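In: next come a sequence and a model predicted from it.
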Amino acid sequence: MIAGIHDFAASRDKKFVSPFLKHAEEIFRAAQEGGPDDCEMSILVSRDGGIHMLAGDDWGLEPLRMHHGARAAYHISRKAGGVRVEARSADESCLMEKRQPAHRLPAMPPDFPQYLTIQ
């Protein structure tokens, strides 16, 4: 019985996610899977649903959206293994980012004692 309540709550939450945020999440996932190469690009979605892609654009996202009269704009930046997606529409905005750890410690050899004996 509790599983039914849980499923209802989960499906209700999904109804509140706007198409704008859903698209931002899909773009973010695609950017993460896009490979190791660095890239900068913007995606503009027009009022009629047309898509326009601009590589390496150096405009701010909101001025770019306004200039083109786009319903939504998404800027994707992939650098040094990290991914950042900024998204804007007239009513909503979001930022999704995944950074690579700055520094990882090397793994310890399996036979290295991970404790200290004090006598």
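Out: Alright, I've got the coordinates. Numbering: from 1, shown residues only.

In: every contact and neighbour count from this point should use C-alpha atoms.
Out: Fine.

In: what about the helices in the protein?
Out: Counting by DSSP state H, the chain has these helices, from start to end: 2-15, 19-32, 61-68.

In: least reliable of these by average pLDDT, please.
Out: Ranked by mean pLDDT, the helices of the chain bottom out at helix 2-15, which scores a mean of 49.

In: residues contacting residue 51?
Out: Counting by Cα atoms under 8 Å, 6 or more residues apart in numbering, residue 51 makes contact with 43, 44, 45.

In: ok, of these, which one's closest to residue 98?
Out: Closest to residue 98 out of those is residue 43 (19.2 Å), distances taken as Cα to Cα.

In: give me the number of neighbouring residues for the closest one.
Out: 20 (other Cα atoms under 10 Å).

In: check which residues of stretch 16-28 are buried.
Out: For stretch 16-28, a neighbour-count test (16 or more other Cα atoms under 10 Å) marks 20, 21, 24, 25, 27, 28 as buried.

In: coming back round to it: inside strands: which ones of the contacts of residue 51?
Out: 43, 44, 45 (DSSP state E).

In: for residue 84, which residues make a bridge with it?
Out: Assessed by DSSP bridges, residue 84 has beta-bridge partners residue 77, residue 97.

In: my guess is it meets residue 98, correct?
Out: Yes. With contact defined as Cα atoms under 8 Å, residue 84 reaches residue 98; the gap is 6.4 Å.

In: which one's more surrounded, these two?
Out: The neighbour comparison of residue 84 against residue 98 (other Cα under 10 Å) goes to residue 84, with 19 against 13.

In: please list all residues in contact with the more buried one.
Out: With Cα under 8 Å, 6+ apart, residue 84 has these contacts: 28, 76, 77, 78, 95, 96, 97, 98.
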